[in-house]
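Novice: using only what follows, build the 3D model:
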Amino acid sequence: MRIRRSLATATLGVGLLVCALGPVAAATGPSGTILTGYGTSVPGSGGQATTAGFTITGSVTGLYPGKGTFLHLTVTNPQTVAITVTSITTVVGNASLFCKASNVAVRAHTGSFVVQPGKKVTVAVLAHMYHSAPNYCQGQKFPFTYTGSASAP
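Specialist: Here you go, the predicted model:
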């Protein structure tokens, strides 16, 4: 296995750092190797090693109470073979003591897609800030944690 470090930037409101983190697991299943990928938008978590698997980064801008928009998720495949990504979920964290994660919803990615070796693919999921969110939440930096599953031959 090789070790890979990844760092990308993303924005939410005024700016948000997105980093890949690990460890990333790999196991063998009936359909080949099952890989797990991770990513986070938490500043300062970069520089953690990842082995195998894949990374997920993402960004969204322009959320305010009642507004829905797309969260663009980029999957990077460091493998030497193509992978088929079968799921990506996003967990939203609190932006602050006064702006809770419960004010934002992000849909899970449905369907599957192939990422060729050494390449990236970007998909979009819907992110929405509820009407009931306080105006204070507009432009706040919500931390996102991404988890995904993929298979490889």
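Novice: alpha carbons only for contacts and neighbour counts from here, please
Specialist: Will do.
Novice: report all helices and strands that the host helix or strand of Thr33 contacts.
Specialist: According to DSSP states H and E, Thr33 maps onto strand 32-40. Applying 3 or more C-alpha pairs under 8 Å, 6 or more residues apart in numbering; DSSP states H and E, one finds that strand 32-40 makes contact with strand 16-19, strand 26-29, strand 55-59, strand 144-152.
Novice: so how far is the next helix or strand after the third one off the chain centroid?
Specialist: Following the chain from strand 55-59 toward its C-terminal end, the next helix or strand by DSSP H and E is strand 68-76. Put simply, strand 68-76 sits 8 Å off its chain's centre (C-alpha atoms, centre = their mean, to the nearest Å).
Novice: partners of strand 68-76, with directions?
Specialist: strand 55-59 (antiparallel), strand 120-129 (antiparallel) (DSSP bridges).
Novice: could you point out which element follows it?
Specialist: Heading C-terminal from strand 68-76 (DSSP H and E), you reach strand 83-92.
Novice: show me what counts as buried in the strand holding Thr33.
Specialist: Across strand 32-40, burial judged by 16 or more other C-alpha atoms under 10 Å covers Thr33, Ile34, Leu35, Thr36, Gly37, Tyr38, Gly39, Thr40.
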